[in-house]
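Q: All I have is the shape, not the residue letters:
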Ligand SMILES: Cc1cc2nc3c(=O)[nH]c(=O)nc-3n(C[C@H](O)[C@H](O)[C@H](O)COP(=O)(O)OP(=O)(O)OC[C@H]3O[C@@H](n4cnc5c(N)ncnc54)[C@H](O)[C@@H]3O)c2cc1C
Ligand code: SF4
């Protein structure tokens, strides 16, 4: 039912996801640790492998169109990989601000963000609680912390 | 509960062949109810479920994305194809033992009386009157431990929204949920790791099994076996750990019951050629398109702390809008806020300060499950059905109205800015965030619908119940028109959308149908 992805396609997709993720999760101090982005890209590929060929196709179209076209939004030649990090950020940001580009950027961003913010390190970095574990029942903190 | 996994039966080349009184295809909210009722009445029942069996302990060990991979159809990446001025809607359905019931937020509503009256008076479905349905609702509520969510379980996000609503002159009512000892960890949509949500894998399926029913996981039905105008069984494939089809499976049965949900039951009927005689197969699907608005407050909100869905408002039901508390996983929240690199990080750091509230539209029947032989089906619909959706003009106006109500309520609660679910931001506001003044300047009606982010967890009515084969697929007993011993009991038979979350309606209708099926003599095995 779910034909596996050819390994050459997998490698290409993983590389493309790495590039997007490195750009998305960078900040003024540069990109996040390489191993974290690599493992994120692998995880995203595993998610794609678990879905159907048509969902993979739609996702891949979004991913590769974004990576190819985004530089045009800052008047650069196509191909995001060619640009240094700050220009990659600028290109994706510009594309995300357009009605047509936003859907494509969101498709890729959603998959990567879902996986990235599952990592305890990432959620801790933005002040969100880590996920609960079975057997470790949290007592309900809802009304603590000043709820009127 | 011990489930037989198709993975463990893969070895031999010859098909796995079974005989039974009743075969039920799909183990979700409806299939589980019917299985328990019929098994307890002494019938021999086999349940075939395409998805895997995910135990609560396993669910707790999985990250949400792993649950999506294993327990959601297409790993959560299904979308409708928009027709005309309509959004592309992210369709979410469960694919595991217990079906979508395992992934619900636990929200429980009886079918509103005005809907039941409409079914009786306008569609002539007398057996669905409020009086006739009441005992079935009672039964489901008792079996699933439906309780009111206490106020202290509301998240701060919901509390703030409620304060805004009070200021605008309407109020929130507590939800009822099928939970016991829920601690508000907010993981419900990825399966409850604490066995606090009483989904059917913890309630009806163990009952069915105790009464002798056999539940097979990783067993996909691909074909309804017909002998003339009588259903005599089903056939399909056992699936391996990666979902790849293996050994053939044939189940001969005296009665065939479809409980695959709104997307997949029409698919089986289409594949069996039944859609050629019944024009309503796959037509008229409703989705309850749902959206949410995020709002930033000065104070920390920690909106994920609390029962995922604790309160709702019916103040706008006359406008076909139901408002519902929700929260979304951090990753989804961060993704939908515009920003790349540093600006993304800055926005994601707002997560603790964000409140979220949502709503759904009691929609017109704009959905359609295409046959795999249709042009789009041939292109995109071989592994999973293609669903198209045309949003009616009144629903489109409802979307604008709903987003405005949600945003204005947050401002009344003191929000600094709101984020509407519009791809690329509202026109003139590419950064997304709107102040109260900005909101007044945005004309939501003029935004092309394709730019709205929209989701649905409620595909309903694609094989609706009715009095005539001209415009319906099943009769009041759930029997497919013109075919003997083929029944449909799932969410696809709902005659219209409900305007409220459907699991209790689906289960109560399944209870009613199974009580009739218990009394109906079974034919001999063919
Ligand atoms: C994320 C999410 C949240 C929800 N939250 C709520 C809520 O809070 N409150 C509420 O009232 N409702 C909620 N719902 C909706 C509710 O769960 C469904 O309306 C209800 O479960 C529908 O029951 P069903 O039996 O028709 O289908 P399902 O419960 O979806 O079961 C259908 C089963 O059939 C199986 N199947 C399909 N095709 C085949 C085949 N060919 N062979 C074998 N098996 C097959 C599927 O894998 C699935 O397990 C939610 C749904 C989702 C997905
Ligand atoms: S909020 Fe309650 S029902 Fe939902 S996952 Fe947590 S304990 Fe289970």
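A: Thanks, I have the structure now. Everything quoted here is computed from the prediction, not taken from an experiment. Numbers count the residues shown, from 1 in each chain, chains lettered A, B, ... in the order given. Ligands and ions are numbered 1, 2, ... in the order given.
Q: Quick test: name the residue nearest the centre of chain A.
A: Nearest to the geometric centre of chain A sits residue A:112, at 2.4 Å (CA atoms, centre = their mean).
Q: Over to it: give its phi and psi.
A: Main-chain torsions, residue A:112, degrees, to the nearest 10: phi -70, psi -40.
Q: Nearest residue to it in space, please, no chain neighbours.
A: Setting aside the residues directly before and after it, residue A:112 is nearest to residue A:21 in space (CB to CB, 6 or more residues apart in numbering or on different chains), at 5.1 Å. In this view, the C-beta of every residue, glycine as well, is placed from N, C-alpha and C.
Q: Just to be sure, that neighbour is in a strand?
A: No. The assignment for residue A:21, made by DSSP: H, G, I helix; E, B strand; the rest coil, is helix rather than a strand.
Q: what's near enough to touch it?
A: Contacts for residue A:21 (CB atoms under 8 Å, 6 or more residues apart in numbering or on different chains) come out as A:37, A:40, A:41, A:44, A:112, A:116.
Q: repeat that with 6 Å
A: A:37, A:40, A:112 (CB atoms under 6 Å, 6 or more residues apart in numbering or on different chains).
Q: now it: how far from residue A:40?
A: 5 Å (CB to CB, to the nearest Å).
Q: low-confidence ranges in the chain?
A: Using chain A here. A:1-6, A:131-148 (pLDDT under 70).
Q: my bad, chain B
A: Short version for chain B, where the test is pLDDT under 70: B:1.
Q: quick revisit: among the contacts of residue A:21, which one lies nearest to residue B:263?
A: Comparing the contacts of residue A:21 against residue B:263 with CB to CB picks out residue A:112 as the nearest, at 26.9 Å.
Q: any idea how far the closest one is from residue B:162?
A: Counting by CB to CB - residue A:112 and residue B:162 are separated by 34 Å.
Q: now do residue B:216
A: Residue B:216 is 45 Å from residue B:162, by CB to CB.
Q: Kindly report the same for residue A:96.
A: Counting by CB to CB, the gap from residue A:96 to residue B:162 is 33 Å.
Q: Flag every buried residue along the helix or strand harbouring residue A:123.
A: Using DSSP states H and E, residue A:123 sits in helix A:120-125. For helix A:120-125, a neighbour-count test (16 or more other CB atoms under 10 Å in any protein chain shown) marks A:122, A:123 as buried.
Q: Other residues contacting that helix?
A: Contacts of helix A:120-125 (CB under 6 Å, 6+ apart): A:116, A:117, A:130, B:330.
Q: how about a cut-off of 10 Å?
A: Helix A:120-125 is contacted from outside by A:25, A:32-33, A:36, A:40, A:113, A:115-117, A:119, A:128-131, B:304, B:330-331, B:334, B:345, B:348-349, B:351, using CB atoms under 10 Å, 6 or more residues apart in numbering or on different chains.
Q: How far does it sit from its chain's centre?
A: The chain centre lies 15 Å from the centre of helix A:120-125; the measure is CA atoms, centre = their mean, to the nearest Å.
Q: And for stretch B:222-235?
A: For stretch B:222-235 - counting by CA atoms, centre = their mean - the centre lies 27 Å from the chain centre.
Q: And it, what's buried?
A: Quick answer for stretch B:222-235 (16+ other CB under 10 Å): B:222, B:224, B:225, B:226, B:230, B:231, B:232, B:233, B:234, B:235.
Q: All the strands of the stretch 251-400 of chain B, residue numbers only.
A: B:290-296, B:311-313, B:321-325, B:354-361, B:367-369, B:387-389 (DSSP state E, counting those that start in this stretch).
Q: Enumerate the residues of chain B near ligand 2.
A: With the criterion set to CB under 6 Å from any ligand atom, chain B comes near ligand 2 through B:106, B:179, B:182-188, B:192, B:194, B:196-197, B:307-308.
Q: mind running it again at 8 Å?
A: B:105-106, B:177, B:179, B:181-188, B:190-197, B:307-308 (CB under 8 Å from any ligand atom).
Q: Burial check on the residue nearest to residue B:419 when sequence neighbours are not counted, number of neighbours?
A: The shortest distance from residue B:419 to any non-neighbouring residue, by CB to CB, 6+ apart, is to residue B:294 (4.4 Å). Residue neighbour count, defined by other CB atoms under 10 Å in any protein chain shown, stands at 29 for residue B:294.
Q: Might you report the residue contacts of residue B:294?
A: B:157, B:303, B:327-328, B:333, B:336-337, B:350-351, B:354-358, B:406-407, B:410, B:415, B:417-421, B:432-433.
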